[in-house]
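*Asks:* below is the structure, and that's it, no one-letter string:
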């Protein structure tokens, strides 16, 4: 004879049964969100990192060939305009369902802001600083890494901050591409009616965005000690 | 390798066929696809996006003008943009569905909230960036504060304001793609209900949504350019 | 200068993220401690099954998630190397995934299979569960698929309505809606629009026209009734809410447009042969405990108590004595 599955008494009176907002539940069941959160962090960091690498390479290219700036801004602008959900499914015939597709779309979305801010940052380097560097006998390459990029850091990090915050938001849609993330806890099954769960997952995304923002700001402060004398 | 290339090209061709020709639905019994249906969904998509963006403008521009004119609330205006950017659109829609339910009104509300931050911030920044000399000149000419706003600050801030509307409009159009989760049938239904429309329909939906977003972007980019008052060379703020 | 610092920091952050992801990839077992007393049904791991990979899929609503988890965990206990791809979508998408090899098997309802895949009219579906499965099985065989013995429970679509509203309208059966339905809104899943055992059947067999049909995600089927947006909503007879709440009722399906279906585990023939006899045996054993009452209870644990399908499936397997 089979052992029996326990049929529970449900009075419908608990916070969860009434579908109210129950902070206690979030604390008790937080382990449900750790995997999605980690996936989310991975998607965000990987996309921004890849986007930065590509944008940086493009910026280096455009530094020499100034005429490239317009077309690159234009093309990355088109990528930025395309809704990520559409991009997931446009890529589907080519790269299939999964993390790769999501990453390609998320990376493409970051390119414009990162490229523009790197280029603007480098453009905003005061001529005096450049002249001083040249006067000291620095090669072009040394000039770039030791003078121009450090001075361009604030603009570059500003771009990174915007890109990161937006990517965290977009990564919630990665669930539609089959890549997991916090969106999975919002949209799967009956979760979309679950008030506490929606607030938890959405809230975690917002907190993640703010946390990463603070991290980047801190990184900027650490890397540009000469600016500490001025108000931020 | 050749197979791979050919395979996805034919997928796109099938999707194009879906847009123009009806066919029986995946589960049978009803016709889907075809231009009439596509236009219906497109209209719904445009409608909800326009309404939401319009309401957001109606709220954010006056507030932004007011705050910018008075020079108050800088921290608020800038932070609202940062926080707004951090809220995922999916979470916003889900929040409204969970608390208020499905339907056009509720989705519109969520989209309005989504559209507010860029318009508010850009209006505020646009007003703040107006040359002080021009404003002083206006005051010197005897203009009242509301006239200063209407005749000096607003026109000069227009490019920035349109930049904000442009950003919001594209965001709203993108988010309206998931409106079918809340019962509002936009072009996103082709993507989200692929079981009905098939893979052709889903790809067609993706293509249509992408085209719509680009069209909206181009439209507001043009408006932004037209909004520069003649005879004035202006620095356009980035974003 | 700080180039080195910057690069190092970025590298560190990326490694941190990768490390965290890898660490989290391990399975956490947070199962409860109850163990059933029955042990005759305990699933033993068969070393022959080691290394045999099976991908279990499911459709996109609570009951399907639970079933997918139950089968997946049971096969895992039997020693198979199990992958899951639950939440595939509705039946057309699931079938395509099955035929295409994305999944090796998934649980399908005999009624859905017969009406949606094999174009059988709802009224022609055999009432007897065994007969229905036999008919489904013979049709599946033509497609290179095999369907196993059915579950004890059946589930069917149903027209749900708030009791208050039903009393107000004076309706008890779906036929009673005649003459009234044109003022009523109906909400259902996206694929309901095309299904014989859903909107199409209501329109053709009952001759009903509704003020509006709105497709919404299946997970919202009770929410739209509660928030007053829907007068009528398509629900399932095994829904938890039908037992936990007394303010929602179903209208009797007097013209039999919504045939009940048992669940049958459908697999690709080739995958089934490679997996060996334990596949069928484990599946048919583990589903014996799935009566209607039990399925409803499991649905309640997910939809009402908000537990996760994986945990609920594990509890079912434990409480029934299939695993330790």
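*Replies:* Thanks, I have it. Only a predicted model underlies this, so the values are computations on that prediction, with no experimental measurement involved.

*Asks:* let me see the domain layout of chain C.
*Replies:* Structural domains annotated on chain C: C:47-154+C:260-319, C:157-251, as defined by automatic domain parsing.

*Asks:* make TSV out of those domains and add mean neighbour count.
*Replies:* Glycine gets a C-beta too; all of them are placed from N, C-alpha and C. As requested, the domains of chain C are exported to TSV (neighbours: other CB atoms under 10 Å in any protein chain shown):
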stretch	mean neighbour count
domain C:47-154+C:260-319	21
domain C:157-251	20
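
*Asks:* and the ones you listed: which comes nearest chain A?
*Replies:* Of all the domains of chain C, domain C:157-251 sits nearest to chain A, with 3.5 Å by CB to the nearest CB.

*Asks:* how far does that closest one stretch from start to finish?
*Replies:* 11 Å (CA to CA, to the nearest Å).

*Asks:* that one near chain B at all?
*Replies:* Yes: Domain C:157-251 lies within reach of chain B by CB under 8 Å from any CB of the partner chain, at C:187, C:190-191, C:193-196, C:200, C:214-217, C:220, C:223-224, C:226-229.

*Asks:* now do that domain: distance to the chain's middle.
*Replies:* For domain C:157-251, the separation from the chain centroid amounts to 20 Å (computed by CA atoms, centre = their mean, to the nearest Å).

*Asks:* near chain A, anything from that domain?
*Replies:* Yes: applying CB under 8 Å from any CB, one finds domain C:157-251 in contact with chain A at C:217, C:219, C:220, C:222, C:223, C:244, C:245.

*Asks:* grab the nearest non-local neighbour of the last one.
*Replies:* Distances taken as CB to CB, 6 or more residues apart in numbering or on different chains put residue A:12 closest to residue C:245, at 7.4 Å, once the chain neighbours are dropped.

*Asks:* would you check that the one you found makes contact with residue C:244?
*Replies:* Yes: assessed by CB atoms under 8 Å, residue A:12 is found in contact with residue C:244 at 6.6 Å.

*Asks:* give me the subset of the residues of domain C:157-251 next to chain A that lies in helices.
*Replies:* C:223, C:244 (DSSP state H).

*Asks:* tell me which helix or strand the spatially most central residue of chain C sits in.
*Replies:* Compute the mean C-alpha point of chain C, and by CA atoms, centre = their mean the closest residue is residue C:64, 1.8 Å away. Using DSSP states H and E, the element containing residue C:64 is helix C:62-77.

*Asks:* that helix: what's the following helix or strand?
*Replies:* Sequence-wise, the next helix or strand downstream of helix C:62-77 (DSSP H and E) is strand C:81-85.

*Asks:* now do that following strand: everything it contacts.
*Replies:* With CB atoms under 8 Å, 6 or more residues apart in numbering or on different chains as the test, strand C:81-85 has contacts from C:50-57, C:68-69, C:72-73, C:75-76, C:97, C:102-103.

*Asks:* 10 Å instead?
*Replies:* Contact with strand C:81-85 is made by A:97, A:178, C:49-58, C:65, C:68-69, C:71-76, C:94, C:97, C:102-104, C:106, C:310, as judged by CB atoms under 10 Å, 6 or more residues apart in numbering or on different chains.

*Asks:* per-residue pLDDT of residue 34, please?
*Replies:* Since you didn't name a chain, this refers to chain A. At residue A:34, the pLDDT value in this model is 94.

*Asks:* I was thinking of chain B, sorry if that wasn't clear
*Replies:* For residue B:34, the pLDDT comes out at 83.

*Asks:* report the contact partners of it.
*Replies:* Counting by CB under 10 Å, 6+ apart, residue B:34 makes contact with B:18, B:19, B:20, B:21, B:22, B:23, B:40.

*Asks:* with neighbour count added, can I get these in JSON lines?
*Replies:* Converted to JSON lines, the contacts of residue B:34 look like this (neighbours: other CB under 10 Å):
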{"residue": "B:18", "neighbour count": "27"}
{"residue": "B:19", "neighbour count": "20"}
{"residue": "B:20", "neighbour count": "11"}
{"residue": "B:21", "neighbour count": "11"}
{"residue": "B:22", "neighbour count": "14"}
{"residue": "B:23", "neighbour count": "15"}
{"residue": "B:40", "neighbour count": "13"}
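
*Asks:* looking at those, which is nearest chain C?
*Replies:* Of all the contacts of residue B:34, residue B:23 has the smallest distance to chain C: 12.1 Å, by CB to the nearest CB.

*Asks:* and that closest one, what are its bridge partners?
*Replies:* Residue B:23 has these beta-bridge partners by DSSP bridges: residue B:32.

*Asks:* what about it, distance to residue B:185?
*Replies:* 19 Å (CB to CB, to the nearest Å).

*Asks:* please apply the same query to residue B:106.
*Replies:* Per CB to CB, residue B:106 is found 14 Å from residue B:185.

*Asks:* repeat for residue A:4
*Replies:* 45 Å.

*Asks:* comparing the two, which residue is more hemmed in?
*Replies:* Legend: neighbour count by other CB atoms under 10 Å in any protein chain shown for residue A:4 and residue B:185, higher for residue B:185 (20 against 15).

*Asks:* for the nearest residue to the more buried one once chain neighbours are set aside, what are its contacts?
*Replies:* Distances taken as CB to CB, 6+ apart place residue B:44 nearest to residue B:185, at 5.7 Å, with adjacent residues excluded. The contact partners of residue B:44, by CB under 10 Å, 6+ apart, come to B:104, B:176, B:179, B:180, B:184, B:185, B:186, B:187, B:188, B:189.

*Asks:* can I have the buried ones of those residues as a ChimeraX selection?
*Replies:* Those of those that count as buried under 16 or more other CB atoms under 10 Å in any protein chain shown are selected in ChimeraX with:
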select /B:176,179,180,184,185,186,187,188,189
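
*Asks:* nearest to chain A among the contacts of residue B:44?
*Replies:* Set against chain A, the nearest of the contacts of residue B:44 by CB to the nearest CB is residue B:188 (7.1 Å).

*Asks:* now that closest one. Nearest residue, chain neighbours left out?
*Replies:* residue B:177 (3.7 Å).

*Asks:* which ones are touching residue 188?
*Replies:* Just going to use chain A. A:175, A:197, C:60, C:61, C:62, C:65, C:86, C:87, C:217, C:219, C:309.

*Asks:* think we crossed wires, I meant chain C
*Replies:* By CB under 10 Å, 6+ apart, the contact list for residue C:188 reads C:157, C:159, C:195, C:198-199, C:202, C:213-216, C:218, C:221, C:224, C:230, C:232-235.

*Asks:* ok, 8 Å please
*Replies:* Contacts of residue C:188 (CB under 8 Å, 6+ apart): C:198, C:199, C:213, C:214, C:215, C:216, C:221, C:233, C:234.

*Asks:* show me where chain B has helices.
*Replies:* Remark: helices assigned in chain B by DSSP H are B:2-20, B:35-70, B:74-86, B:89-100, B:104-128, B:132-140, B:145-148, B:154-175, B:188-192, B:194-226.

*Asks:* rewinding a little: and for the residue nearest to residue B:188, the neighbour number?
*Replies:* Residue B:177 is flanked by 30 other residues according to other CB under 10 Å.

*Asks:* low-confidence ranges, the chain, go.
*Replies:* Here I'm looking at chain A. Applying pLDDT under 70 to chain A flags residues A:1-3, A:227-232.

*Asks:* looking at chain B here, not the other one
*Replies:* Within chain B, the segments meeting pLDDT under 70 span B:1-6, B:26-29, B:229-239.

*Asks:* get me the contact residues on it for chain C.
*Replies:* Contact residues (CB under 8 Å from any CB) of chain B with chain C: B:25-30, B:97, B:100-103, B:180-183, B:185, B:189, B:192-196, B:198.

*Asks:* give me the pLDDT value at the closest residue to chain B within the stretch 1-150 of chain C.
*Replies:* Nearest to chain B, among the residues of the stretch 1-150 of chain C, is residue C:90, at 3.9 Å (CB to the nearest CB). We have a pLDDT of 83 for residue C:90.
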